[in-house]
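**Q** Build me a structure from this.
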Amino acid sequence: MAPLPRLTRRAEFLRVAAARRKYVAPGLILQAAAGPGASPAEPVWRVGFTASRKVGNAVARNRAKRRLRAAASQLLPLLGREGHDYVLVARASTGTRVFEALLADVTAALGAAHRGLDRKAGEAS
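**A** A predicted model of the protein is given here:
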């Protein structure tokens with residue numbers, strides 16, 4: 001499986017956070033934004049992962065991010081939209097949540113994010 005197209009710079013994470021499209025689920029927080037501009041050289045969508053100290057120590061944060069990466073690698077190729085950036089933020093329960101429930105959380109958050117982005121695009125037209 002090819003690696004996920006990633007957000008790597010802090011400025012990219014801040015741009016997604018500034019879009020004010022945040023969806024909270026029991027296992028994660030999803031932030032979504034339309035990409036800065038899709039070009040053939042750039043991937044169609046990108047994803048970033050983060051976990052604050054509220055999640056726990058370094059071991060707990062790494063486990064939570066690893067689980068988010070696994071969920072995203074299964075779902076984003078199917079549900080991700082072209083030209084969009086996503087940031088998955090770990091919560092305290094991310095590391096211990098049943099993986100199927102975490103997948104359901106990601107799916108629900110992506111659906112809500114896309115509905116919100118579609119609504120915003122409709123208002124701008």
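**Q** May I see the buried residues of the single longest helix found in the chain?
**A** Of all segments of type helix in the chain, defined using DSSP state H, the longest is helix 99-124. Of the residues in helix 99-124, 102-107, 109-110, 112-114, 116-117 count as buried by neighbour count, 16 or more other CB atoms under 10 Å. Backbone N, C-alpha and C define where each C-beta goes, glycine included.
**Q** now stretch 69-86
**A** With the criterion 16+ other CB under 10 Å, stretch 69-86 contains buried residues 69, 71-72, 75-76, 79-81, 83-86.
**Q** can you redo these as a markdown table with secondary structure and pLDDT?
**A** A markdown table is the format used below for the buried residues of stretch 69-86 (DSSP: H, G, I helix; E, B strand; the rest coil; pLDDT from 0 to 100):
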| residue | secondary structure | pLDDT |
| --- | --- | --- |
| Arg69 | helix | 94 |
| Ala71 | helix | 94 |
| Ala72 | helix | 93 |
| Leu75 | helix | 92 |
| Leu76 | helix | 90 |
| Leu79 | helix | 89 |
| Gly80 | coil | 85 |
| Arg81 | coil | 84 |
| Gly83 | coil | 83 |
| His84 | strand | 88 |
| Asp85 | strand | 90 |
| Tyr86 | strand | 93 |
